[in-house]
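S.K.: Make a model of this:
(chains A and B)
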Amino acid sequence: SQTIHQWPATLVQPVGSPLSLECTVEGTSNPNLYWYRQAAGRGLQLLFYSVGIGQISSEVPQNLSASRPQDRQFILSSKKLLLSDSGFYLCAWSVSSGYTDTQYFGPGTRLTVL
Amino acid sequence: AQSVTQPDIHITVSEGASLELRCNYSYGATPYLFWYVQSPGQGLQLLLKYFSGDTLVQGIKGFEAEFKRSQSSFNLRKPSVHWSDAAEYFCAVGAWAGGFKTIFGAGTRLFVKA
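M.R.: Presented below is the predicted three-dimensional model:
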């Protein structure tokens, strides 16, 4: 069966520091991968998605970036964090079946920028 | 482009009472519809999905949803709510738009009274 991991689970970082969040998927090949952010009390905001190694699409311009160095690894980064980057970051994966796909989510990372 | 609306920001029901969470979508063709649940501090868990066929879909944890094309709705129901059902619920609609895109609603938070 497929599993998705995210780490760290919780992170507290000062403003201006760098960020690296990691997501890995097991049990499947060539998944679509997604990064979402949830601000407090809000819905999901799609940040990035990737359909393959080195293929990243950005949905929202910001000071975050994403990379996919391996098939089942997706990394969210920032060179300098802002206060507004605080939130709950969710990684998700899917495999397109030909006419649809279903996203499955990781446990999330709670990021607090002070 | 597709869109999804969850009219209720929060709902409170008594334990043992029935539940219905509303979801309305906008899409010109046959939509692919999902319900997810998120417990506090956790990732999203897929409850059920509708792709085609029987318009009444059964999911996990005793939930069901009914697709009504004439009303553009996909409401989530449960006949008897348990305290452990307290969580946030997200409706989502998927469609092909230069790749398969999934749009999430803003969520409905469910509170359960003892």
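
S.K.: Check which residues of stretch A:37-56 are buried.
M.R.: Judged by neighbour count using 16 or more other CB atoms under 10 Å in any protein chain shown, the buried positions of stretch A:37-56 are A:37, A:38, A:44, A:45, A:46, A:47, A:48, A:49, A:50, A:51, A:56. For glycine as for every other residue, the C-beta is placed from the backbone atoms N, C-alpha and C.

S.K.: Check what pLDDT the third one gets.
M.R.: In the prediction, the pLDDT value recorded for residue A:44 is 90.

S.K.: Just name the shakiest helix or strand of chain B by mean pLDDT.
M.R.: Among the helices and strands of chain B, strand B:100-104 carries the lowest confidence by mean pLDDT, DSSP states H and E, at a mean of 87.

S.K.: would you put the C-alpha positions of the lengthiest strand in chain B in PDB?
M.R.: Identified as the longest strand of chain B according to DSSP state E is strand B:87-96. C-alpha atoms of strand B:87-96 as PDB (Å, rounded to 0.1, in the frame of the first residue of the first chain):
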ATOM      1  CA  ALA B  87     -13.600  17.800  12.500                       C
ATOM      2  CA  GLU B  88     -13.400  20.000   9.400                       C
ATOM      3  CA  TYR B  89     -14.900  18.600   6.200                       C
ATOM      4  CA  PHE B  90     -13.900  19.600   2.700                       C
ATOM      5  CA  CYS B  91     -15.800  19.100  -0.500                       C
ATOM      6  CA  ALA B  92     -13.700  19.100  -3.700                       C
ATOM      7  CA  VAL B  93     -14.400  19.000  -7.400                       C
ATOM      8  CA  GLY B  94     -12.000  17.700 -10.000                       C
ATOM      9  CA  ALA B  95     -12.000  18.200 -13.800                       C
ATOM     10  CA  TRP B  96      -9.700  18.100 -16.800                       C
END
